[in-house]
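A.B. asks: coords please:
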Amino acid sequence: MPKKIPGSREEDSWFSEDQLEGLQRADDADDLRSPIPTQMVSNGEYLPNPQTDKQKEVEARIKEYAATVSKKLGISRRKFLASSGGIAASFLAMNEAHGAEFFKVGKEEMFEPEAHARNAPPSDLFVLDDQLHTVRSSRVQSGQGLRAIAAGFVPNLSGGGLNELGVANQPWNPAVVDLPNVAEAFQLVQFMKDVYLDSQVTIGVLSNNTAAAVPGIGGSRAPKNITESQAGELLTSAQTVAVRNWVNEIAGSLRMLAHGQLYPGPRGFKDAVYQQDYTAWQIENLKPDSWKGYTSANNAKLDSDPESLMAQWKLNDRDVAYPMYEIITSSQYAPVLKKHPGLRNICIHKGLSTNANVTADSSIPLGRPVDIPLAAADWTNLNFLIYHSCIRPGFWMANALVDVKSGRLRDGVPDIIWTTQFLQESALLPNVYSELGTTFASSVVTFPSVCAHILGQGLKYFGEDRIVFGSDSVWYGGPQWQIEAMWRFQIPETFPASGGGGTRRQFGYPQLTETAKRKILGLNNARLYGIRNVNGRLTNQPDECDDHERGDDDRRDGYHPVPVNFERLIPVSLKKAMEYPQFTLDDNLSKLRKEYLAQGGLPSNTRYGWTRKRT
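C.D. replies: Numbers count the residues shown, from 1 in each chain. Next comes the predicted model:
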């Protein structure tokens, strides 16, 4: 009997009738519903791999924990797996399967919420997430590709798509596996819920990019000017700042910072629309808190010809980059710097070398770290925050695991290409920082040995004061799972064979202490952005810690909750700025939120898609 019946889920898949014979619906096949998937799930676009022996082992351990503990607690197995105890069981199963103590977790956490609280991030943890993303409503496709990777729905061909244990496309964040991968998931309303209601982020930096191409006949081209580039960006600097101002207004305190955009160019270059240098225009009109730039994207003007295409650039280019630094450090902007102490933070996308980072010009470093040391040495009054820690692979760390297991060393540590070079060559430059966005998210669950080496090398060469946390949310779901994983993560004393072997002492890695984690998760960024109050507890009333007589310059002393009814507080002006298609609150996202709340906020752990039939 044919399976591809009109209107069925089978018909909606890309599988043939023969292929469907060996598959089953994931929601029918998975009776465990663990917080972490134990078998590869396909969305219907590609064949899922069979369950591996290691996945069977993890599943068996979780089942055993769930059956035993839920019976002792007098609750259903499903309820246990949706609780903090189920999360603890998953961390335990991962440690046991990997053969190393990558996560700090105790068996008592499965029974006692209080025990879970002892190992979970503390309530007073100050978190400054320096890489957050939302998307203006008109960019309806933006973000869905990255979310699909995080959910394990997109095959990663590098290394065969297998993680450290040989599991194909293991999700980074299991919580997003069951959620619809729709445009609304990356837009303002869901962003606010993920970041400010469902996570411990105290202050977030709203980021943007400068990597748009201009569509045309026969394909796309690089933009000719900033106006063309911004037409295709996920978020412009003006939109970024508009969201920042609104969030801080409804919270009555500083809860969000905003990136300006770096569009370097020669001295004297004026954009046709802004009629002045765009960097100066942003400082004077938007007052950004720091800057975001992409050397690997076509966003630099190399001459004053209005018809020339924008191009890739280098941090140490004296003719293109240095004029921009001169403007940012100009004494005329001292009043702005006083109110926005992070104005001289240059946040640069490095690494994540995807197919887009290809050029015939070998002098362009792209994601490589070779242009960092000279720029940092020449501009000691700037801080260079190197995003993604310059990791080379694009979103799937199989190549980095190959580096670790190859036996190739650089100064006595595994040579993780680009990252190890970056950390060693910039070790003595106090104004260079290693940022963890995406690099941590993409390795902590799937390649924990790689994650441990990156953090170990960062601590060894930069120290605990020059590593900063960014989640790159909401591409991979809300940031809380990464905060929890960072707080629990530890560098093992002995690396497992699957992670290349060796010991922490052999490589000279310091321990990842709770003091170091507090610095990485928030205190280091607080110093860079001039934040004085680093108690992570939010106050209930604005006047509990605000000294109104001190003025706006000192509003960084306190921070307060974002109102739960934030959606109703979005003004029409912001909706227009974020390009809402219509001004209505009764949209699909609102309905999804209502259903989520009606279900008590507990994850269903249901996988929708296709798995191989089990033998």
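A.B. asks: residues in contact with stretch 518-531?
C.D. replies: 125-128, 130, 202-203, 205, 254, 257, 289-290, 341-342, 345, 383, 385, 433, 436, 464-469, 483, 486-487, 532, 534, 536, 556 (C-beta atoms under 8 Å, 6 or more residues apart in numbering). C-beta: built from backbone N, CA, C; applies to glycine.
A.B. asks: what about it, start to end distance?
C.D. replies: The straight-line separation of the ends of stretch 518-531 (C-alpha to C-alpha, to the nearest Å) is 14 Å.
A.B. asks: so for that stretch, what's the average pLDDT?
C.D. replies: Stretch 518-531 comes out with an average pLDDT of 97.
A.B. asks: residues of it that come out buried?
C.D. replies: Counting neighbours by 16 or more other C-beta atoms under 10 Å, one finds that the buried residues in stretch 518-531 are 518-529, 531.
A.B. asks: May I ask which two of the residues you listed are separated the most?
C.D. replies: Farthest pair in the buried residues of stretch 518-531 (C-beta to C-beta) is 518 and 529. Separation: 15.9 Å.
A.B. asks: that older thread, show me just the buried residues among the contacts of stretch 518-531.
C.D. replies: By 16+ other C-beta under 10 Å, the contacts of stretch 518-531 give 125-128, 130, 202-203, 205, 254, 257, 289-290, 341-342, 345, 383, 385, 433, 436, 464, 466-469, 483, 486-487, 534, 536, 556 as buried.
A.B. asks: Mind checking which of the residues you listed land in helices?
C.D. replies: 483, 486-487 (DSSP state H).
A.B. asks: Include pLDDT when you put those into a markdown table, please.
C.D. replies: Formatted as a markdown table, these follow (pLDDT from 0 to 100):
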| residue | pLDDT |
| --- | --- |
| 483 | 93 |
| 486 | 95 |
| 487 | 95 |
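A.B. asks: Name the nearest of those residues relative to residue 375.
C.D. replies: The shortest approach to residue 375 among these belongs to residue 486, at 28.8 Å (C-beta to C-beta).
A.B. asks: Hmm, that closest one is touching residue 471, no?
C.D. replies: No: in terms of C-beta atoms under 8 Å, residue 486 does not count as a neighbour of residue 471; the distance is 9.2 Å.
A.B. asks: so what sits against both of the two?
C.D. replies: residue 440.
A.B. asks: on that earlier part again, among the buried residues of stretch 518-531, name the ones in helices.
C.D. replies: Mapping these onto helices (DSSP H) picks out 518, 524-528.
A.B. asks: Including distance to residue 97, could those go into CSV?
C.D. replies: Formatted as CSV, these follow (distance: C-beta to C-beta, whole Å):
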residue, distance to residue 97
518, 29
524, 32
525, 33
526, 36
527, 38
528, 38
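A.B. asks: rewinding a little: mind putting the buried residues of stretch 518-531 in TSV, distance to residue 192 included?
C.D. replies: Output for these, formatted as TSV (distance: C-beta to C-beta, whole Å):
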residue	distance to residue 192
518	25
519	27
520	25
521	21
522	20
523	25
524	25
525	20
526	22
527	27
528	24
529	21
531	21
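A.B. asks: Which of those sits closest to residue 353?
C.D. replies: For the buried residues of stretch 518-531, the residue nearest residue 353 by C-beta to C-beta is residue 520; the value is 24.3 Å.
A.B. asks: What spatial separation is found between the closest one and residue 470?
C.D. replies: Going from residue 520 to residue 470 by C-beta to C-beta, to the nearest Å gives 10 Å.
A.B. asks: any residues in contact with both of the two?
C.D. replies: Common contact partners of residue 520 and residue 470 (C-beta under 8 Å, 6+ apart): residue 436.
A.B. asks: How about the contacts made by residue 283?
C.D. replies: 260, 327-328, 333, 336, 343.
A.B. asks: which of those tops the neighbour count?
C.D. replies: Among the contacts of residue 283, the one with the most neighbours (other C-beta atoms under 10 Å) is residue 260, at 27 neighbours.
A.B. asks: looking at this, that residue is in a helix?
C.D. replies: No: counting by DSSP: H, G, I helix; E, B strand; the rest coil, residue 260 is located in no helix; its state is strand.
A.B. asks: circling back to that earlier point, so which of the buried residues of stretch 518-531 would you say is closest to residue 447?
C.D. replies: The closest of these, once distances to residue 447 are taken by C-beta to C-beta, is residue 520, at 18.8 Å.
A.B. asks: what's the distance between the spatially closest residue to residue 538 that is not a sequence neighbour and residue 215?
C.D. replies: Nearest residue to residue 538 in three dimensions, chain neighbours excluded: residue 561, at 4.9 Å (C-beta to C-beta, 6 or more residues apart in numbering). Using C-beta to C-beta, we find residue 561 at a distance of 42 Å from residue 215.
A.B. asks: of the two, who's got more company?
C.D. replies: For the pair residue 561 and residue 215, the greater number of neighbours falls to residue 561 (17 against 10), based on other C-beta under 10 Å.
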